[in-house]
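J.: give me a 3D structure for the following:
(chains A, B, C and D)
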Number of protein chains: 2
Amino acid sequence: MLSASVKDVAALAGVSVGTVSNVLNRPEKVSPAVMTKVQMAIEKLGFVRNDAARQLRAGMSHSIGLVVLDAANPFFTDLARGAEDSAAAKGFSVLVGNSSDDERREASYLGLFEQQRVLGILLSPVGDILSRLEQLRRRGIPTVLVDRVSDNASFSSVGVDNVAGGEMAVRHLLSLGRRRIVFVGGPSSIRQVADRLTGARKAIKEVFDATLEVIEPDSLTVLSGRAAGEAIRNRPVEERPDAIFAANDLLAVGILQALMLMGTVQVPQEIALIGYDDIEFASAAVVPLSSIRQPSALIGSTALELLLQEVSAEPGFKTSRVVFPPELVVRASTRG
Amino acid sequence: MLSASVKDVAALAGVSVGTVSNVLNRPEKVSPAVMTKVQMAIEKLGFVRNDAARQLRAGMSHSIGLVVLDAANPFFTDLARGAEDSAAAKGFSVLVGNSSDDERREASYLGLFEQQRVLGILLSPVGDILSRLEQLRRRGIPTVLVDRVSDNASFSSVGVDNVAGGEMAVRHLLSLGRRRIVFVGGPSSIRQVADRLTGARKAIKEVFDATLEVIEPDSLTVLSGRAAGEAIRNRPVEERPDAIFAANDLLAVGILQALMLMGTVQVPQEIALIGYDDIEFASAAVVPLSSIRQPSALIGSTALELLLQEVSAEPGFKTSRVVFPPELVVRASTRG
DNA sequence: AGCTCGTAATGAAACGATTCATTACTAACT
DNA sequence: AGTTAGTAATGAATCGTTTCATTACGAGCT
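T.: From the prediction side, this is the model:
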């Protein structure tokens, strides 16, 4: 008797299963007397709808899948929060998968979501998966790219202009008079990282005596940042850069830790440091971090809206690509 | 033609649906010839199993629900990661819900998980929900409490001794010679917070001239911490405490930001500060934060193991309560 | 030839909620 | 009284997968 079914409820209330279903789904079609009888039976049996049966019949779930690159990164938690709130307001729920920059894990979550017949998918893709997206679409599962502008007009996307952000960051460092700049970011297969680097190069070119060195860590984490920071700290003073642009704030926090250890390197006096994402901890760092802010929650909620539009697409539906502008936030790590 | 079914596959391969199912679930029962025929049909039609139908038939899903108090808190992201990895290794998946300290959201996630007939639930409860847990158990859904030691022997739980942790933190502050201590933590309805406070009181009692003031913020976030810190910063110097124990690191980070603003209050010279959880950012804060470390990922994976044990419980099954010891981590914020 | 095993494949039943065409009943109107 | 219109309730069919009792077919043996 682990869980009663509509049939049990119907039997106890002395009505048909159809009527129980009506009580659940169109109460206005049911007379008050029957209504209470059924509700009492539901109460008494502790009846809980079986979602699997509902979905099977409906052909679709009321969930939306979200695959993020890194669940430990506050940027993505905020994004997820934005999407969840927006979905909850409309009666949908969001299933979150964490790909950890791993194409295999990404594929496995997409497969899982497909099996669950989710309504649609929000995806911050690891690599290039256009063909997989087309396959999903053919099977009736629309996808919206998040934190990434689609190269292909046939998919909606919500992102931030990473090239502009990278340009903005480096231009800021140059405006402080810094010339020997290091970009820390990787793996380069991550599109966001590549774009930020492209922007950085663009800005560098405008100043004849500026140079950009690239250090490519394994991942965008505090730990990798610490390793990169140590490598720089251990260089002879004359080989150290005078500014660092980190591809995200987690890296920047790690770099900062490593540089400041034992007071070896002064930030920003000796090396100015700027990160990316403007996570909440950026302002609380040893030296409050300058950063490039992205409207994370807004990206999440906007992507969800676009997805829902596409789910209930009219014949003439057009996908759209939303690009938010990044914003420079200057703090102590680039002042001085 | 949005998604083909076993029936379509069977028709194309010229076999029965039962055989297709056998190919999928017991390949050893199928002859090689038929095997390849069916696999080609699956490939050609792009057949993807319908999870709803499988679950309906099986009566149970292969997912586990996890409800956390705060998805933005790295402590819980780490815990979730521990549980997910552990589950993935056994072929299960984890659905994560974020209650945000809100009993309504908690209830809504429990309801959702119940409708989805999850195998079991990992829960870090907001309030007192013993009766709800008993109801879930009666319906065949076992629950393991995480980050909370069960008061009731009938439920398994995995947690850390928060009373000991609170005691440890305050004892450390006292050992530095601090006597006017403020505890910042709330809402007090959160059991972990209450326990840490109990521990703090216990330690205070051992030193005759020590006092403990309690400030209760609305939530355990950086923002609330900042507000609490500002309130303290704005007091006349003689009314300020000489040490603060924050109920978690997010609060501590916020407090630190507020105190250091404009260099008003020196940490740790004027006020020593210790947090709780030892999140990754604690060591990267303006003044590296002392904290009480909890083995977050281990808590998650252990809880999952216990849950799986209970799912496949033998008649003589006994629930267990695992309590990990907290660990003091001393950094600059309490040195000096 | 007749018989028994063993292996492969079959296909109907079941899971539980929803839908919808049908039936049952009332009330209102001519 | 007879017809119609309208509301309530019914219950069989459906979704896609899995299970399992049954059938089909050979091979091997006496």
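
J.: please name the nearest non-neighbouring residue to the most centrally placed residue in chain A.
T.: Nearest to the mean C-alpha position of chain A, counting by C-alpha atoms, centre = their mean, stands residue A:76 at 4.0 Å. Counting by C-beta to C-beta, 6 or more residues apart in numbering or on different chains, residue A:76 lies nearest to residue A:68, which is 4.2 Å off, once chain neighbours are set aside. The way it works is simple: take the backbone N, C-alpha and C, and place the C-beta from them, glycine included.

J.: that neighbour pairs with what?
T.: residue A:98 (DSSP bridges).

J.: domain ranges for chain A, per the record?
T.: Chain A breaks down by automatic domain parsing into domains covering A:6-49, A:60-159+A:296-324, A:162-294+A:329-334.

J.: would CSV of these with mean pLDDT and distance to residue B:312 be doable?
T.: CSV is the format used below for the domains of chain A (pLDDT from 0 to 100; distance: least, C-beta to C-beta, whole Å):
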stretch, mean pLDDT, distance to residue B:312
domain A:6-49, 96, 22
domain A:60-159+A:296-324, 92, 23
domain A:162-294+A:329-334, 95, 36
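
J.: turn those domains into CSV, columns for distance to DNA strand C.
T.: Rendered in CSV, the data for these read as follows (distance: least, C-beta to the nearest atom of the strand, whole Å):
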stretch, distance to DNA strand C
domain A:6-49, 3
domain A:60-159+A:296-324, 11
domain A:162-294+A:329-334, 40
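
J.: all helices for the stretch 201-336 of chain A, in order.
T.: A:222-233, A:249-260, A:296-311 (DSSP state H, counting those that start in this stretch).

J.: return the most buried member of those.
T.: Mean neighbours per residue, mean count of other C-beta atoms under 10 Å in any protein chain shown, is largest over those for helix A:249-260, with a mean of 27.

J.: so which elements touch it?
T.: helix A:222-233, strand A:243-246, strand A:272-274 (3 or more C-beta pairs under 8 Å, 6 or more residues apart in numbering or on different chains; DSSP states H and E).

J.: switch the ones you listed over to CSV; also include distance to residue A:10.
T.: Shown next, in CSV, are the helices and strands packed on helix A:249-260 (distance: least, C-beta to C-beta, whole Å):
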stretch, distance to residue A:10
helix A:222-233, 57
strand A:243-246, 62
strand A:272-274, 65
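
J.: among the ones you listed, which comes closest to DNA strand D?
T.: Closest to DNA strand D of these, according to C-beta to the nearest atom of the strand: helix A:222-233, at 40.6 Å.

J.: report the inter-axis angle for the closest one versus helix A:249-260.
T.: Inter-element angle recorded for helix A:222-233 and helix A:249-260: 40 degrees (by axes from the mean of the first three to the mean of the last three C-alpha atoms, to 10 degrees).

J.: near chain B at all, helix A:222-233?
T.: Yes: under the criterion of C-beta under 8 Å from any C-beta of the partner chain, helix A:222-233 makes contact with chain B via residue A:222.

J.: please, which helix or strand holds residue A:96?
T.: Element membership of residue A:96 [criterion: DSSP states H and E] is strand A:93-98.

J.: what sits up against that strand?
T.: Under the contact criterion C-beta atoms under 8 Å, 6 or more residues apart in numbering or on different chains, strand A:93-98 has outside partners A:62-68, A:70-71, A:80, A:83-84, A:87, A:105, A:109, A:112-113, A:116, A:118, A:122, A:304, B:81, B:84, B:95-96, B:112.

J.: just the buried members of those residues?
T.: A:63-68, A:70-71, A:80, A:83-84, A:87, A:105, A:109, A:112-113, A:116, A:118, A:122, A:304, B:81, B:84, B:95-96, B:112 (16 or more other C-beta atoms under 10 Å in any protein chain shown).

J.: next structured bit after the strand holding residue A:96?
T.: Next along from strand A:93-98, by DSSP H and E: helix A:103-115.

J.: and that next one, how far from the chain's centre?
T.: Computed by C-alpha atoms, centre = their mean, to the nearest Å, the separation of helix A:103-115 from the middle of its chain amounts to 16 Å.

J.: what residue in the stretch 51-200 of chain A comes nearest to DNA strand C?
T.: Counting by C-beta to the nearest atom of the strand, the stretch 51-200 of chain A gets nearest DNA strand C through residue A:53, at 3.4 Å.

J.: near that residue, how many other residues are there?
T.: When neighbours are counted by other C-beta atoms under 10 Å in any protein chain shown, residue A:53 registers 16.

J.: got the contact list for it?
T.: B:52, B:56.

J.: now with 10 Å, please.
T.: By C-beta atoms under 10 Å, 6 or more residues apart in numbering or on different chains, the residues touching residue A:53 are A:5-6, B:52-53, B:55-56, B:117.
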